[in-house]
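Chemist: just to be clear, the model below is a prediction. Sequence and coordinates:
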Amino acid sequence: MRAGDLMAMVNAGLNATSALALFVGYRFIRQRSLHAHRRAMVVAVITSAIFLVFYLTRVALTGTHDFAGEGFAKVVYLSILFSHMGLAVVVVPLVLRLLYLVRRRRFSAHSKLARWTFPIWAYVSVTGIVVYLLLYQVYGYS
């Protein structure tokens, strides 16, 4: 296995961990378990931050890859990829703002923003896994 492929696999694992932590954190906040929510969200933030460092390192070392699938599969892949990339750019400042609001103990504002941020962040995490599977496991790249 090539180093870049291994890094991509690690990134998919980090995305999966982040997604799981997000959904668990959501469940905890719905149950009003604030301490457990906080722990789950710390895991989500840390794994997402590590993912970002690993992803940028992998791209710097190996570049981008062309999807090997054709026709409808390529249309689906590119649709998922472009929505993933666009929302990934959007979610970073949203998460940073959520962290700022919590740090300032502005929980009402945090809660309002989290209602928008959670689905975007979850989508980015899950579609990151889908992109990995399509590019590295199902269709491959050229």
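Modeler: Arrived safely, thanks for sending.
Chemist: alpha carbons only for contacts and neighbour counts from here, please
Modeler: Fine.
Chemist: for stretch 116-133, buried residues please.
Modeler: For stretch 116-133, burial by neighbour count (16 or more other Cα atoms under 10 Å) applies to 117-118, 120-133.
Chemist: now stretch 34-46
Modeler: Residues of stretch 34-46 classed as buried by neighbour count (16+ other Cα under 10 Å): Ala36, His37, Ala40, Met41, Val42, Val43, Ala44, Val45.
Chemist: next: stretch 93-102.
Modeler: In stretch 93-102, counting by 16+ other Cα under 10 Å, buried: Leu94, Val95, Arg97, Leu98, Leu99, Leu101.
Chemist: repeat for stretch 59-77
Modeler: In stretch 59-77, residues buried by neighbour count (16+ other Cα under 10 Å) are Phe67, Gly69, Tyr77.
Chemist: for His84, which non-adjacent residue is spatially closest?
Modeler: Val124 (5.4 Å; Cα to Cα, 6 or more residues apart in numbering).
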